[in-house]
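> Structure for the following, please:
(chains A and B)
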Amino acid sequence: MTKTVIPIGPQHPLLKEPLAFQIMLEGERVTDSTMRMGYVHRGIERLCQERTFIQNIHLVERVCGICSHVHAMTYCRAVELLLGINVPPRAAYLRALLCELERIHSHLLWLGVLARNVGLDTIFMYAWRDREVALDIMEALSGGRVSHAVNIIGGVRSDVTPEQREEILEQLTTLDRQVNWLLGVVEHERSLQTRTKGVGLLSLQQVRRYCVVGPVARASGLDADMRRDEPRTPYDRLSFNVPMHTAGDVWARTLVRMQETLISVELCRDILKEMPEGPLAVRAPRRVPPGEAISRSEAPRGELFYYVRSDGSDTPARVKIRTPTLPSLLTLPQQLKGVTMADVSVVLSGVDLCIACADR
Amino acid sequence: MSDTSRLNATYDRIVCALAGLCLSAETRIKSAPGDELVIRLPVENLRAAVAVLVNQLGVTHLTTITGEDLTPELTLKYHFWQERGFTLEVELPGEAPVVATIVDLVPGAALYEREVYGMFGIAVEGHPDLQPLLLPDGWEGPPPLRKEGDRD
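This is a model prediction of the structure:
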């Protein structure tokens, strides 16, 4: 059979961000593939060493254009650990509220991208319309749709007024209805199932071997969620399920993400209802004492990891960022092996890659 | 309380299993809910220690590898997770640093080892595809996260 090599990227309509693949084909089937990354490497870890602890909040918020808040929050938490301060409960609730809104926004965005790539433009339009609701809420809370600049070391800088709270609860009802409707459509849409079932398979064993995290891991039956495994306020006070599936294909990932979106809507409601009154931030000392800290949180794509070391000066000695896309990238050659050329787009969108995150 | 003691038991198990291989074990890195365990090892014991973790304790999750230039030496921190986070730390000389790969034991380490190679110039012996992860083709400067490359 004819052997062909098809390059995809670094600039390609299929990929929203630059990433390069060489797809080796035998007839229609993929026999092998290689991946090259680094096209949006901005040297953020290095830049962090040259900026003060406070300037870095704004820098790390720009690692990712989708989950910007969780980056800033995880970084601030690491610095707070170094300082030995605890944020007030209300600040922890507000941070979690934005985390969950970001998850809703990220998962709906992803559903749109997947639907677009399999030719279901209607689902794409509806998913992105509903995503606007989450963006509107975040804009009302912080003033920004994507970059929120809500985190400061020691807490947050913006509050929810009682009027806003009522309005957000109303918007969440809309969101709940729409996401439920989308989940129903997704579950019954036969062409989506035909395109995604059995595609991009990862077994539980493979997920473990490659240290995969987040919805991709949970769709293969790995029970891991940092919100539950390393609980912090308010997650230790809220009850929520961690949706799991075992099929390990793009279909299972779709279900996991859609169910997570519904749970996040529910969590947003609980957070708003149970949010205690009180101050938004504690005063943070200006000097960060020498030491090391690790902070982990559950970003929309899985475990986000920050390591921060201070040598006592006003800039960190080292900031290490591990984003959840990296291990998923490692599994792509496994997932692509044996699929047809037409399914390459399904596999690539199924893992929900964030290249800017991975390249930093 | 029982939760804390279960987590402490995890650390005790790890420290016990690695007792013959390590230089020191201390809960040093600040984290929540409690400080994280750091086990310092001679670099030649790294593979043996990871093999114990994987084969005896069933550890599977490596979060990442953090490299750091503490001129004159370099350090590598392997951040693992089993019920809670813990770190293996090795020290390497600044001149011609070499470390053995753990890709055969933890396949998920492949990209992190490539990153450490590109950013710190640490040769990873036995890695199946050792090339810089993020640097452009034909990068000629010093490894970007090494202190010797400082402009000032």
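> alpha carbons only for contacts and neighbour counts from here, please
Will do.
> what does chain B have sitting close to chain A?
B:28-33, B:60-64, B:66, B:68, B:83-84, B:106-111, B:133-136, B:144-145 (Cα under 8 Å from any Cα of the partner chain).
> for the residue positioned nearest the centre of chain B, helix, strand, or coil?
Compute the mean C-alpha point of chain B, and by Cα atoms, centre = their mean the closest residue is residue B:78, 2.2 Å away. Three-state call for residue B:78 (DSSP: H, G, I helix; E, B strand; the rest coil): strand.
> Chain B: helices as residue ranges?
B:2-17, B:46-55, B:110-120 (DSSP state H).
> Would you mind giving the ones you listed as CSV with mean neighbour count, mean pLDDT and distance to residue A:322 added?
What follows is these, written out as CSV (neighbours: other Cα atoms under 10 Å in any protein chain shown; pLDDT from 0 to 100; distance: least, Cα to Cα, whole Å):
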stretch, mean neighbour count, mean pLDDT, distance to residue A:322
helix B:2-17, 14, 77, 23
helix B:46-55, 17, 92, 20
helix B:110-120, 23, 93, 9
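> Out of the ones you listed, flag the one nearest residue A:1.
Comparing the helices of chain B against residue A:1 with Cα to Cα, the closest turns out to be helix B:110-120 (32.3 Å).
> Can you tell me the closest non-neighbouring residue to residue 120?
If you meant another chain, say so; for now it's chain A. Distance criterion Cα to Cα, 6 or more residues apart in numbering or on different chains; nearest residue to residue A:120, sequence neighbours excluded, is residue A:192 at 7.9 Å.
> try again with chain B
Of all residues not flanking residue B:120 in the chain, residue B:143 sits nearest, at 5.1 Å (Cα to Cα, 6+ apart).
> repeat for residue A:248
With sequence-adjacent residues excluded and distances taken as Cα to Cα, 6+ apart, residue A:248 is closest to residue A:220, at 3.9 Å.
> do the same with residue A:22
residue A:7 (4.6 Å).
> List of residues touching the host helix or strand of the one you found?
For residue A:7, the enclosing helix or strand under DSSP states H and E is strand A:3-8. Identification of contacts with strand A:3-8 by Cα atoms under 8 Å, 6 or more residues apart in numbering or on different chains yields A:20, A:21, A:22, A:23, A:24, A:25, A:26, A:27.
> need the contact list for residue A:328.
By Cα under 8 Å, 6+ apart, the contact set of residue A:328 is A:212, A:213, A:216, A:351, A:353.
> quick check, nearest of these to residue A:58?
Taking Cα to Cα as the measure, residue A:58 lies nearest residue A:353 of the contacts of residue A:328, at 22.7 Å.
> and the gap between that closest one and residue A:59?
Residue A:353 sits 21 Å away from residue A:59, going by Cα to Cα, to the nearest Å.
> out of these two, which sits in the more crowded spot?
More neighbours surround residue A:353 than the other of residue A:353 and residue A:59, with 21 against 16 (other Cα atoms under 10 Å in any protein chain shown).
> quick one on the thing from earlier: any quick PyMOL command for the buried ones out of the residues of chain B next to chain A?
Of the residues of chain B next to chain A, the buried ones go into a single PyMOL selection, burial set by 16 or more other Cα atoms under 10 Å in any protein chain shown:
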select buried, chain B and resi 28+29+30+31+32+60+61+62+63+64+66+68+84+106+107+108+109+110+111+133+134+135+144+145
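> Distance of the spatially most central residue of chain A relative to residue A:293?
Centrality entry for chain A: nearest residue to the mean C-alpha point is residue A:300, 2.5 Å, by Cα atoms, centre = their mean. Distance from residue A:300 to residue A:293, counting by Cα to Cα: 22 Å.
> now residue A:205
31 Å.
> Compare these two and say which is more crowded by neighbours.
Set residue A:205 next to residue A:293 and count neighbours by other Cα under 10 Å: residue A:293 wins out with 25 against 13.
> got the contact list for the more buried one?
By Cα under 8 Å, 6+ apart, residue A:293 lies in contact with A:78, A:79, A:81, A:82, A:307, A:308, A:309, B:29, B:30, B:31.
> Near residue 90, how many residues? Count them for me, please.
Because you didn't say which chain, this covers chain A. Residue neighbour count, defined by other Cα under 10 Å, stands at 23 for residue A:90.
> that's the wrong chain, I wanted chain B
22.
> Where do the strands of chain A begin and end?
Ranges of strands within chain A are A:3-8, A:20-26, A:29-36, A:151-152, A:155-156, A:291-299, A:302-310, A:316-322, based on DSSP state E.
> Now do the longest helix anywhere in chain A against strand A:291-299, angle only.
Longest helix in chain A, counting residues (DSSP H): helix A:89-117. Using axes from the mean of the first three to the mean of the last three Cα atoms, to 10 degrees, the direction of helix A:89-117 lies 50 degrees away from that of strand A:291-299.
> for helix A:89-117, packing partners?
The elements that helix A:89-117 packs onto, with contact taken as 3 or more Cα pairs under 8 Å, 6 or more residues apart in numbering or on different chains; DSSP states H and E, are helix A:68-83, helix A:121-142, strand A:155-156, helix A:250-274, helix A:344-350.
> Any chance of the ones you listed in TSV with mean pLDDT as columns?
Shown next, in TSV, are the helices and strands packed on helix A:89-117 (pLDDT from 0 to 100):
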stretch	mean pLDDT
helix A:68-83	93
helix A:121-142	92
strand A:155-156	92
helix A:250-274	93
helix A:344-350	89
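> Looking at these, spot the one closest to residue B:23.
Closest among the helices and strands packed on helix A:89-117, using Cα to Cα: helix A:68-83, at 25.2 Å.
> any idea how far the closest one is from the chain center?
16 Å (Cα atoms, centre = their mean, to the nearest Å).
> Could I get the CA-only coordinates of stretch A:286-301 as PDB?
The C-alpha coordinates for stretch A:286-301 follow below in PDB (Å, rounded to 0.1, in the frame of the first residue of the first chain):
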ATOM      1  CA  ARG A 286       6.300  42.500  51.700                       C
ATOM      2  CA  ARG A 287       9.300  40.200  52.200                       C
ATOM      3  CA  VAL A 288       9.000  36.600  51.200                       C
ATOM      4  CA  PRO A 289      11.100  34.500  53.500                       C
ATOM      5  CA  PRO A 290      13.500  31.900  51.900                       C
ATOM      6  CA  GLY A 291      11.900  28.500  51.300                       C
ATOM      7  CA  GLU A 292      10.100  26.300  48.800                       C
ATOM      8  CA  ALA A 293       6.400  25.700  48.200                       C
ATOM      9  CA  ILE A 294       4.300  23.500  46.000                       C
ATOM     10  CA  SER A 295       0.800  24.300  45.000                       C
ATOM     11  CA  ARG A 296      -1.600  22.100  43.000                       C
ATOM     12  CA  SER A 297      -5.100  22.700  41.700                       C
ATOM     13  CA  GLU A 298      -7.600  21.100  39.400                       C
ATOM     14  CA  ALA A 299      -7.600  23.200  36.200                       C
ATOM     15  CA  PRO A 300     -10.200  22.500  33.500                       C
ATOM     16  CA  ARG A 301      -7.700  20.100  31.900                       C
END
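> and it, what's its mean pLDDT?
For stretch A:286-301, mean pLDDT rounds to 92.
> tell me how far that stretch is from the chain's mean position?
With Cα atoms, centre = their mean as the basis, the mean position of stretch A:286-301 lies at 18 Å from the chain mean.
> Distance check, the nearest residue to residue B:96 once chain neighbours are set aside against chain A.
In space, and not counting its chain neighbours, residue B:96 is closest to residue B:122: 7.3 Å by Cα to Cα, 6+ apart. According to Cα to the nearest Cα, to the nearest Å, residue B:122 and chain A sit 17 Å apart.
> Residue B:122 against residue B:116, yeah?
Yes - using Cα atoms under 8 Å, residue B:122 is in contact with residue B:116, at 6.4 Å.
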